[in-house]
Structure formats: structure tokens, C-alpha cells
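Asker: below are the sequence and a predicted model; questions follow.
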Amino acid sequence: MMTLRQGTFRILARGTALALLTAIAACGGGSTTPVTAQNGIAPASLGDPAAKLTYKFKIIDDQQDPTFNQLLGINHSKQIVGYYGSGAGSHPNKGYRVSPPFHVLNFSSENFPHSVQTQVTAINNLNDTAGFWIDKNGVNHGFIHWNGKFGSYSVSGSGVTQILGLNNSGQAVGFSTQNGKNAGFQLDRVTKKFTAIAPPGASSVTATSINNPGEVVGFYKAGRKTIGFVKIGSNYSKLGYPGSRSTMPLGVNNHGDIAGAYVDSSRKTHGFLFEAATSKWSSFDDPNGVGTTTINGLNDRKDMVGFFVDGSGNTDGMLIYLAKIKP
């Protein structure tokens, strides 16, 4: 797994961290559908084909740094959060949210007060947000921005605390790092209590998303393997894209649908969607970033956000959404 360091704070910075993971055997089932768009439109793998549904891909970049953007969360009203800036040198991470129709005037900055760097990683359906911020000493702290007020949260004794998911009840998930290993947690915003997320036999756990029913997704290491997981109640299940070398679940909606990224046998990175109702898998590639595509979040309508690396080496924010077209 990528080592966190100042300047590379997100697990999937530039969409390359997945390629560093040790290969794992496939642990998922169900049918699979590749979805690679041409000219920004791809055949849909969801719903009735007679409905003329297609996936559409849209690049969304904050023009304050068009060379590096990651979109990390989306809610039911298509409010999107993310950040720009690679974190290196003169390109610090700066958080933002953007709303439809996603023009330049629809971007608004969101940064923890007096932070050196900020990433906004999650947004709930109440428009509350969460993420993490970096202080002048390079220490990572989680934050929740609730009802317009920022709150900072840190695991005692850890120099890295990152919040990656938030639901409407103020339950958040993420990880802290100690002795080179990640420890997944669930956090209650009101009580500020951290509870361990620890799949049996797991090492270096990262919890990435939580929905309103309280289902948690993430990934962990077991020996040399990196494995996706789903936690429902006190029960943990493995989740792996069929035939993949590695799988990272990164978002879960209120229907239990899961999105993320996986690495194929050629070490290429693709986004995925797993539909809970049918156990169906779909693979996604932005047409401008085939083999470098990551999906980071989704809403209940299965609108998805993430990022890819284009032919010029820029990291671009990406929205994937279902749209009806005329016959």
C-alpha cells in the first residue's frame, strides 16, 4: 500500500496507488459488464435497454489548478466535493465543492481554517462534509463540517487521522496510522468516540465509506494480499472484482451499491460498480483515461465521481451519470 507522506495524502493520489498493491485472487461473483465510453457516451449496463439509458462522462476540474483534480464524494442533489493540487511543491491540496451545472462559477472553496492543505472527501445528503486537513507540522487531522461549523478529530498518538466517509447521522469512517499500519475506525460526531473497524485477520485497515443504514466499506491487508470488505452490523464480508489483482471499495450508497477501483491482470486501474440487488458488476473507463480510472463515490441514483489520468499526465475530476437519450 502507498505510504502516506506530506504531499501525497489521499490513498489514491493520481490513481496510481492501486497499481502498487499485491495481487489477490478474485473473491467476487455475479455477471460483469465493461463500460468504456466513446465520445463521452457509453451503453448502459443498468435497467431496461428499451429505456435508452446511457452512461455519460463529464470532466469537472477547478481551473485554479487544472492539472490535478480529484472528485471524491457526491450526494443526492449532485453536490460534489473534492480538491485540486497534487500536494507537491507549490501545488498544495485545496478543498472545494461544486454544484450543477458545474461551471467555473459553481465552485466554492472549502478548507479547514488555518490549514496548510485540505481535502474534502465526503458529503452527505444534508450537505454536511468531511475530510482531513494538514497543519504546519505535516500532521493529518480529520474534520467534519456540520451545519456550517468545522470540528477537528484526531486519534490520540497518531500523526495521521483521515476521515473518508460521512452519513446523515454524523457517523464517519476513516483510518489512523501508527507504526506504519492503518487502523480503520468509525467516529461518532457528537460523542467524538472512535470505534475500531477491524475485519478478522486483517492488517492495515482503511474504512472508506458509510451509508445511512450504517453499512461500512473499505479494504485491508492480509499477509501480502489487499482485500475489499463490507461490514453490515458486526458481520464482515470480502468483496473483490472478479478476476482482479486487487480491489478497493471506496463508496457505498443507501441501497448498498458499492463503487471503487480495481487492478486487472495487466496492472491497469478501472472503476467499478457493484449493484447489491443483483450482485452485478460493471467496469468503467473514462474515454480519456482508459486503464487509469478510479471511482471514489456514488449517490442513490448511481451517479458516480472519481478521477483519471489523461494523455498529458494530468489528473482530471470525472462525473459518470445515467441519462436518457432519444431513440
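Answerer: Right, received. Where do you want to start? Note that the coordinates shown come from a computational prediction; the quantities given were computed from them, not determined experimentally.

Asker: every contact and neighbour count from this point should use C-alpha atoms.
Answerer: Will do.

Asker: and for Ser108, the neighbour number?
Answerer: Neighbourhood size, Ser108 [other CA atoms under 10 Å]: 14.

Asker: can you pull the contacts of it?
Answerer: Ser108 makes contact with 96-98 under the criterion CA atoms under 8 Å, 6 or more residues apart in numbering.

Asker: so of the residues you listed, which ones are in helices?
Answerer: Using DSSP state H, the subset of the contacts of Ser108 located in helices is empty.

Asker: among the residues you listed, which ones are in strands?
Answerer: Assigned to strands by DSSP state E, the following of these qualify: 96-98.

Asker: JSON lines please, covering these and showing distance to Ser176 and neighbour count.
Answerer: Output for these, formatted as JSON lines (distance: CA to CA, whole Å; neighbours: other CA atoms under 10 Å):
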{"residue": "Tyr96", "distance to Ser176": "23", "neighbour count": "21"}
{"residue": "Arg97", "distance to Ser176": "25", "neighbour count": "24"}
{"residue": "Val98", "distance to Ser176": "28", "neighbour count": "23"}
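
Asker: ok, so of those, who is nearest Val290?
Answerer: The nearest member of these to Val290, counting by CA to CA, is Val98 at 24.8 Å.

Asker: wait, the closest one sits on Asn75?
Answerer: No - the pair Val98 / Asn75 is not scored as a contact, 11.3 Å apart, by CA atoms under 8 Å.

Asker: how about JSON lines for the ones in strands among the contacts of Ser108, with pLDDT added?
Answerer: JSON lines is the format used below for the ones in strands among the contacts of Ser108 (pLDDT from 0 to 100):
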{"residue": "Tyr96", "pLDDT": "98"}
{"residue": "Arg97", "pLDDT": "98"}
{"residue": "Val98", "pLDDT": "98"}
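
Asker: can you list those residues in a markdown table and add distance to Gly228?
Answerer: A markdown table is the format used below for the ones in strands among the contacts of Ser108 (distance: CA to CA, whole Å):
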| residue | distance to Gly228 |
| --- | --- |
| Tyr96 | 28 |
| Arg97 | 28 |
| Val98 | 29 |
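
Asker: nearest to Val104, of the contacts of Ser108?
Answerer: Nearest to Val104, judged by CA to CA, of those is Val98 at 8.8 Å.

Asker: quick one: neighbours of Asp62, just the number.
Answerer: If you count neighbours by other CA under 10 Å, Asp62 ends up with 27.

Asker: I'd assumed Asn69 was in contact with it.
Answerer: Yes - Asp62 is in contact with Asn69 according to CA under 8 Å; the separation is 7.0 Å.
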